[in-house]
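Asker: Test case, fold it:
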Amino acid sequence: MQLQDLYFVVITDKIKECKDFYTTWFGFNAAFEASWFIYLASQGEHSFGLAFMSPEHPSSPPNPGLYNGSGSFITLQVENVTTEFQRLREAGLEIAYELRDEAWGQRRFGLYDPAGMWVDVVEQIDSQAGFWDQYLTNA
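Answerer: Prediction:
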């Protein structure tokens, strides 16, 4: 199989709010927009897609239900997470997980989008010495 595209779809009754959130704060563009579905594409060398769909539309898969806030999250990897953290905090966005360095090798912070999806904003950094040893042993 040769994939042509891959994107995550969030079923929500807040598709316009989600579009505004990602286009305003994370630089996505609306590549396709209808009353029931919005496909967002990131800018830059690699285009990453993210979509939001109304739960009432008949093309929705059988019984996926409205997104309830658990079981998945979005990671946005950026070049300088400190700059992004300061920019979003100064703009008044509610930060749910303060900026910190994690032992496994990420500097990150987190917030929720209007659909209730956790958005993990990360920058890759060096992990603490020995952190991965317990996970890389032969079984």
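
Asker: what's the worst-scoring helix or strand of the chain on mean pLDDT packed up against?
Answerer: The least trusted helix or strand in the chain, going by mean pLDDT, DSSP states H and E, turns out to be strand 7-11, with a mean of 89. The elements that strand 7-11 packs onto, with contact taken as 3 or more CB pairs under 8 Å, 6 or more residues apart in numbering; DSSP states H and E, are strand 49-53. No exception for glycine: its C-beta is placed from N, CA and C like everyone else's.

Asker: Against which helices or strands is the strand it packs on packed?
Answerer: Using 3+ CB pairs under 8 Å, 6+ apart as the contact criterion, the neighbours of strand 49-53 among helices and strands are strand 7-11, helix 15-26, strand 37-41.

Asker: Pull up the pairing partners for that strand, direction included.
Answerer: Within its sheet, strand 49-53 is paired with strand 7-11 (parallel), strand 37-41 (antiparallel), according to DSSP bridges.

Asker: from the middle of its chain, how far away would that strand be?
Answerer: With CA atoms, centre = their mean, to the nearest Å as the basis, the distance from the averaged C-alpha position of strand 49-53 to the chain average is 11 Å.

Asker: hmm, who's touching the helix or strand that that strand is followed by?
Answerer: For strand 49-53, the succeeding helix or strand toward the C-terminus, using DSSP states H and E, is strand 73-77. Surrounding strand 73-77, the residues in contact under the criterion CB atoms under 8 Å, 6 or more residues apart in numbering are 8, 26, 50, 113, 117, 118, 119, 120, 121, 122, 123, 124.

Asker: Now, these that are in strands?
Answerer: When strands are assigned by DSSP state E, the members of the contacts of strand 73-77 inside them are 8, 50, 118, 119, 120, 121, 122, 123, 124.

Asker: of those, buried ones?
Answerer: Under a neighbour-count criterion of 16 or more other CB atoms under 10 Å, the subset of the ones in strands among the contacts of strand 73-77 counted as buried comprises 50, 118, 119, 121, 122, 123.

Asker: Now tabulate the residues you listed in CSV and tack on distance to residue 98 and pLDDT.
Answerer: Listed next are these as CSV, based on distance: CB to CB, whole Å; pLDDT from 0 to 100:
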residue, distance to residue 98, pLDDT
50, 24, 95
118, 14, 95
119, 14, 96
121, 12, 97
122, 14, 97
123, 15, 97
